[in-house]
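Visitor: sequence? don't have it. structure:
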């Protein structure tokens, strides 16, 4: 296939490939998460109403980002399978299909969100800050392509093992946003519209850099020339079969948060919701190593599956869990030991000082949740890598919608354990669900190996 260094890496030892791919992914994820917090801090300086408007826009913004990441996983899966099968012509064709699909989806989502923006805001209860929400939302949703396309194009880069080009532009976009926020919001006096322009300009610049590599410099392993393109509806379908379920997984997690907030409101009131909101942000940061390693496993699993090297697929799943679990244990210990210091970040003012011990207790309990993530994340991403995105989505939905909610309800309400019971139920349901996910990927790989051996 005219392999370069990146292809040699991605098609070689799965352990080395995961090690090399995962660190940049984790770093870029951390920058993106930090950027969202800093964005809120700058907007908070404009007052409570602009900050509230940002809060109403955030769930819709995350749906767009989720679609980008999901479709990126779909393209990554398909392209890496062709690379594993040493079919470069089909890999090139799949990469072009991936790019075309990103444009089509961007246009559709932009039109839908711009048209339905005001009704959605009113339905969410944003009528009191509708003008701020519209000012911010119109810019964001009109420029959806800038948010959607970088992670989708990055999925193709990850498939060919070019992790720097997949992650550096996205990380730089987050840094650009951090720099532009105070300039646009305050120096240029653009207010909340300045925050929106800062949010879209960073990804727009990163997309421009990606296009420069692809269409001007033309030094990527995958080729995007017209002669490499042969329209194939099945390729669009294969990308969407993984991409749509992967996108919906983020929606599942968002809906779970809504249900948990509702249960906490009933048993303990708004203070417990504030504790959960603040503490869960920290837990999300703690999950990043496991999620980053799982994301790296998509490419490695896809290549192994395409090459029919099912033993490498097994190594990928087990090694991803092992490395992610080690990282998660370290994070869990840090959160437990420094719970009070971390809690102070969200309780430094006089009005919120009473939250510090509550958030610290939450972190010491829920940091255990991080220990389960490696099993579910690695299994789900390996399923995505082999093109079984629907299975990954079903397992995620079963874990979060059935097990987590049922156990949280049982311990919180049926056994009258209140707020503590809800947290314990989340731990119990998440733990059982994650182990079931991992058992499923092991069974699936064993089935592949047995089927191949029986056919020989």
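Guide: On my side now, so go ahead. What you are looking at is a predicted structure, and each value in this text was computed from that prediction instead of being measured.

Visitor: state the number of residues packed around residue 453.
Guide: 9 (other CB atoms under 10 Å). Using the backbone N, CA and C atoms, a C-beta is placed for each residue, glycine as well.

Visitor: could you look up the SS state of it?
Guide: helix (DSSP: H, G, I helix; E, B strand; the rest coil).

Visitor: contacts only, for it.
Guide: Under the criterion of CB atoms under 8 Å, 6 or more residues apart in numbering, residue 453 has no neighbours.

Visitor: mind running it again at 10 Å?
Guide: Neighbouring residues of residue 453 by CB atoms under 10 Å, 6 or more residues apart in numbering: residue 310.

Visitor: check it and give its pLDDT.
Guide: As summarised for this prediction, residue 453 has a pLDDT of 83.

Visitor: now it: how far from residue 10?
Guide: 25 Å (CB to CB, to the nearest Å).

Visitor: again with residue 169
Guide: 19 Å.

Visitor: neighbour count winner among the two?
Guide: residue 10 (28 against 23).

Visitor: list phi and psi for that one.
Guide: Note on residue 10: backbone dihedrals following degrees, to the nearest 10 are phi -70, psi -30.

Visitor: now do it, the pLDDT please.
Guide: 89.

Visitor: for it, which non-adjacent residue is closest in space?
Guide: residue 161 (3.6 Å; CB to CB, 6 or more residues apart in numbering).

Visitor: if I read this right, the one you found contacts residue 84, doesn't it?
Guide: No. At 11.4 Å, residue 161 does not count as touching residue 84 under the criterion of CB atoms under 10 Å.

Visitor: between these two, what contacts are shared?
Guide: The contact sets of residue 161 and residue 84 overlap at 10-11, 299-300, 303 (CB under 10 Å, 6+ apart).

Visitor: for residue 126, what are its contacts?
Guide: With contact taken as CB under 10 Å, 6+ apart, residue 126 is in contact with 52-53, 55-57, 118, 120, 132-134, 137.

Visitor: which of the residues you listed sits closest to residue 263?
Guide: For those, the closest approach to residue 263 (CB to CB) belongs to residue 55, at 20.5 Å.

Visitor: ok, that closest one touching residue 62?
Guide: No. Counting by CB under 10 Å, residue 55 sits too far from residue 62 to count as a contact (11.6 Å).

Visitor: tell me the confidence at the nearest residue to residue 386 once chain neighbours are set aside?
Guide: Distances taken as CB to CB, 6+ apart place residue 305 nearest to residue 386, at 4.3 Å, with adjacent residues excluded. In this prediction, residue 305 carries a pLDDT score of 95.

Visitor: could you check the pLDDT of residue 2?
Guide: In this model, residue 2 carries a pLDDT of 52.

Visitor: phi and psi next, for residue 268.
Guide: Torsion angles at residue 268 (phi, psi; degrees, to the nearest 10) stand at phi -140, psi -10.

Visitor: can you show me the helices along the stretch 101-250 of the chain?
Guide: Listed in chain order, the helices of the stretch 101-250 of the chain (DSSP state H, counting those that start in this stretch) span 130-142, 144-159, 163-182, 191-211, 233-267.

Visitor: for those, which one ends up most surrounded?
Guide: helix 144-159 (a mean of 27; mean count of other CB atoms under 10 Å).

Visitor: and the angle from it to helix 130-142?
Guide: Relative orientation of helix 144-159 versus helix 130-142 (axes from the mean of the first three to the mean of the last three CA atoms, to 10 degrees): 40 degrees.

Visitor: what helices and strands are in contact with the least confident helix or strand in the chain by mean pLDDT?
Guide: Least confident helix or strand, the chain: helix 14-44 with a mean of 84, by mean pLDDT, DSSP states H and E. Applying 3 or more CB pairs under 10 Å, 6 or more residues apart in numbering; DSSP states H and E, we find helix 14-44 packed against helix 5-10, helix 48-84, helix 144-159, helix 163-182, helix 191-211, helix 270-306, helix 310-337.

Visitor: could I get the buried residue list for it?
Guide: 14-15, 17-18, 20-26, 28-32, 35-36, 39, 42-43 (16 or more other CB atoms under 10 Å).

Visitor: how many residues are close by residue 119?
Guide: So residue 119, with other CB under 10 Å, has 9 neighbours.

Visitor: quick check, pLDDT for it.
Guide: Reported pLDDT for residue 119: 92.

Visitor: chain center to the helix or strand hosting residue 429: distance?
Guide: Per DSSP states H and E: residue 429 is located in helix 418-455. Relative to the chain's own centre, helix 418-455 is displaced by 20 Å; criterion: CA atoms, centre = their mean, to the nearest Å.
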